[in-house]
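**Student:** Predicted coordinates and the sequence they were generated for:
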Amino acid sequence: MTRNWHTQEGFPLPLGATVTPGGVNFAVFSEHAERLYLCLYNEAGDELSRLPFTHKQRGIWHMEVLDVHEGQHYGLRAEGPFDLEAMHLFNPSKLLIDPYAKRLSSRLVFHDEQITLTPNGQLDSRDSGACVPKAIVTTPSPSKHSLTAKPKASARSLYEMHIKGFSQQLDINASLQGTYLGACSESAINHLTSLGISTIQLMPCFAFADEIHLQDKGLSNYWGYNPINFFTPDDRYAISDAVEEFKTMVATFHKAGFEVILDVVYNHTAESELTHGTTCYRGLDNSNYYRHSQGQYLNFTGCGNCVDTYHPATVRLVCDSMRYWVETMGVDGFRFDLGVDLGREHHDFSPNAPLLQAILQDPILSETTLVMEPWDIGPNGYQVGHFPRGFIECNDKYRDTIRRFWRGDANTIQEFATRLMGSRDLFHKGHKCALHSVNYITYHDGYTLRDLVSYHRRHNVDNRENNRDGHTDNISQNFGVEGETNDVRIREARLTQQKCFMATLLFSQGTPHILGGDELSHSQNGNNNAYCQDNEITWLGWHDSEERQVLSHLISEALSLRQQYPVLAEALLPDDPLYRHKTADDIGWFNEFGQSMSLDDWQHPERDYLSVQMTESSSNTKLWLVFYREDQPIKVRTPDGYEIKSVLFCTDNNVQTQQNEFELTRRSVLLIELTS
């Protein structure tokens, strides 16, 4: 069915589809297109009309279509040069998704008809209209942002959650399992509240697609780091309405007192390599949306393409997307995947890159919580500590050092102390405080905490890549048996190691990050790259166990102490210019004899014991943190001149303290209040 539609000039901003009193205004950026068409569809997927845009300014095509309403399905087609050397790949045979679409009619599944460039470099003329999702005109209502107050930076603790993995096996109504609403169900809220975490970090929720190689293997993308569109929430986790259910989830988390940040993927898209599917950006203006050189993509992400965030149009796109997720969807911040790509100018990284500065000067975005993954795989792609103030950064040096220390590696004590105190070699005194360091032992990409103490080698056969994928150097140990065991001694040693890891994390200077499921001692059977495992390997198991009880209680107890004693998160060092306007805290390092650490102590390659005494200036409370990584008896004395007032925390319930000494028989972490 076709009909005549009346159009008029419309307006170039805002981009996307905007409902007007008389119809809908459509505005699309495509600087190099010679003609752009709006394709209107009915809900059955039949094309109703193809309307040419007749107005263009500053690279933006725009028109208002009268008598079109909310809920209208549509797509785009673009005509222009087909010139691989100049990276122009216009092909009107390919239906394109509006980059600013707020809803999609279906999920994107790869079909051969979506290819625009054949392997021999020719234009593919097959029409893709039947196999590309249609954008849907929608105007979601603004979020009723109910978070009364953001957590203080010193009190922030991140909990990384995969919507489906967290809720798929939760004891809730089956219709809610694996969904946005399941993740914020009463059972979920009760669990998260009991832990005492402040911030829920959601793994990607942008609409995403399965990679072609996963489709071919009968697997699927589970993590979601393969976005189609930067505005649309994925409907995999929805019951009926992904937009409203996501907003309800965030509002429910807010009501329970949680901050919510979203893991976002602005560095690449699901269009992947040049010879893969063309469904949006490549067909609209490939040379502007993606980084390229000499007729090839600059693949700094390892995902086939990388978004050119140096271009003004993509800076606008990312910032518009971020504001949408804050103002309409309700989130409080973002964690940026492969953030170095966002900070590249022409190709090199700079803390003054346009996108980073645009975010920091924006009155809305600059007030959100901004967590940066400070690397990509491009040149000079490792930039930990180099992002501008306003971003906090994931610290993999912390992860590796803490793992090495507790594994028993030699020559680790000095760096262990540096990481414990907020990695001030990276986040330099006078410039950034320790809270800029996002400390973690485990993340989604790698071993879980239980697997870190259970496996020596990766076990990724289920990924169907012949166990070649994933990290090879995991700095792990299995305590004598690879994988699960019924040996009580080994199980006890593994639980003790998990306790020491978690206690170290939560008593370290900086911002702690907990991988969801570690509090349950969740195992992925040694898979350290479970991005394609949408099954019980990754779904959290909620059965009761000693490990779950012990670890969940430890996290709750440690986070409570961290709230009670802010010096555990951020010590005000006397030689740090950041704190000249405040009274400094007092820090001292001591060996097992209660003596100040000597140069020989610091340089001993096999040192297994370290302690730090912190006097909090605001309360004059004297805290003593003790770390011991061996399983042999050792006598420990308090720092000279101090006695034990109370043991606030101990990973070993069998430790018996006296006035100023005690014996440790296994690896342990203790927090003790001292008195003089």
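**Tutor:** Received it, and whenever you're ready, just let me know what you need. Numbering: from 1, shown residues only.
**Student:** At the geometric centre of this structure, which residue do we find?
**Tutor:** The residue lying closest to the centre of the chain (C-alpha atoms, centre = their mean) is residue 263, at 3.9 Å.
**Student:** What residues are recorded as beta-bridge partners of that one?
**Tutor:** Residues in a beta bridge with residue 263, per DSSP bridges, are residue 335.
**Student:** surely it meets residue 335?
**Tutor:** Yes - assessed by C-beta atoms under 8 Å, residue 263 is found in contact with residue 335 at 4.5 Å. Backbone N, C-alpha and C define where each C-beta goes, glycine included.
**Student:** For the stretch 201-350 of the chain, which segments are assigned as strands?
**Tutor:** Assigned by DSSP state E, counting those that start in this stretch, the strands in the stretch 201-350 of the chain fall at 259-264, 292-293, 296-297, 333-336.
**Student:** which residues of this structure score low on pLDDT?
**Tutor:** Applying pLDDT under 70 to the chain flags residues 1-2, 145-148.
**Student:** try 90 this time
**Tutor:** 1-4, 119-121, 140, 142-150, 618-619, 641, 676 (pLDDT under 90).
**Student:** Please, where are all the helices along it?
**Tutor:** Applying DSSP state H to the chain gives helices spanning 163-167, 180-183, 186-195, 212-217, 242-255, 281-289, 312-327, 354-361, 396-407, 413-420, 449-452, 488-506, 546-564, 599-603.
**Student:** which one of the ones you listed lies closest to residue 63?
**Tutor:** Nearest of the helices of the chain to residue 63, taken as C-beta to C-beta: helix 281-289 at 15.9 Å.
**Student:** now the angle from that closest one to helix 312-327?
**Tutor:** Using axes from the mean of the first three to the mean of the last three C-alpha atoms, to 10 degrees, the direction of helix 281-289 lies 110 degrees away from that of helix 312-327.
**Student:** Output helix 281-289 as PDB, restricted to C-alpha atoms.
**Tutor:** Output in PDB follows, covering the C-alpha atoms of helix 281-289 (Å, rounded to 0.1, in the frame of the first residue of the first chain):
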ATOM      1  CA  TYR A 281      26.700   4.200  10.300                       C
ATOM      2  CA  ARG A 282      28.700   2.600   7.500                       C
ATOM      3  CA  GLY A 283      25.800   3.300   5.000                       C
ATOM      4  CA  LEU A 284      25.100   6.800   6.300                       C
ATOM      5  CA  ASP A 285      28.600   8.300   6.300                       C
ATOM      6  CA  ASN A 286      31.300   5.600   6.700                       C
ATOM      7  CA  SER A 287      34.300   8.000   6.300                       C
ATOM      8  CA  ASN A 288      33.100  10.200   9.200                       C
ATOM      9  CA  TYR A 289      31.800   7.700  11.600                       C
END
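**Student:** what's in contact with that helix?
**Tutor:** By C-beta atoms under 8 Å, 6 or more residues apart in numbering, the surrounding residues in contact with helix 281-289 are 28-33, 76-78, 86-91, 94, 96, 99, 116, 269, 271, 274, 290, 292, 307-308, 311, 313-314.
**Student:** What subset of the residues you listed is buried?
**Tutor:** Buried members of the contacts of helix 281-289, scored by 16 or more other C-beta atoms under 10 Å, are 28-33, 76-78, 87-91, 94, 96, 99, 116, 269, 271, 274, 290, 292, 307-308, 311, 313-314.
**Student:** Could you export the helices of the chain as TSV, including distance to residue 368?
**Tutor:** Below are the helices of the chain laid out as TSV (distance: least, C-beta to C-beta, whole Å):
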stretch	distance to residue 368
helix 163-167	20
helix 180-183	20
helix 186-195	21
helix 212-217	32
helix 242-255	13
helix 281-289	25
helix 312-327	6
helix 354-361	9
helix 396-407	23
helix 413-420	27
helix 449-452	29
helix 488-506	24
helix 546-564	22
helix 599-603	40
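**Student:** Help me confirm that residue 426 comes into contact with residue 383.
**Tutor:** No - using C-beta under 8 Å, residue 426 makes no contact with residue 383, being 10.3 Å away.
**Student:** about what we covered before: would you turn the strands of the stretch 201-350 of the chain into CSV with distance to residue 596?
**Tutor:** Listed next are these as CSV, based on distance: least, C-beta to C-beta, whole Å:
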stretch, distance to residue 596
strand 259-264, 40
strand 292-293, 56
strand 296-297, 56
strand 333-336, 40
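**Student:** So which of those strands is nearest residue 600?
**Tutor:** strand 333-336 (42.2 Å).
**Student:** Off-centre distance for the closest one?
**Tutor:** Centre-to-centre, strand 333-336 and its host chain are 7 Å apart (C-alpha atoms, centre = their mean, to the nearest Å).
**Student:** and if you look at stretch 638-654?
**Tutor:** Centre to centre, stretch against its chain (C-alpha atoms, centre = their mean), the figure for stretch 638-654 is 37 Å.
**Student:** Distance across it, terminal residue to terminal residue?
**Tutor:** 18 Å (C-alpha to C-alpha, to the nearest Å).
**Student:** what sits up against it?
**Tutor:** With contact meaning C-beta under 8 Å, 6+ apart, stretch 638-654 is reached by 496, 499-500, 503, 507, 554, 557-558, 561, 588, 590, 594-595, 611, 613, 622-624, 655, 657-662, 664-676.
**Student:** re the thing from before, which ones are touching the residue nearest to the centre of the chain?
**Tutor:** Applying C-beta under 8 Å, 6+ apart, we find residue 263 in contact with 160, 201-204, 334-335, 337.
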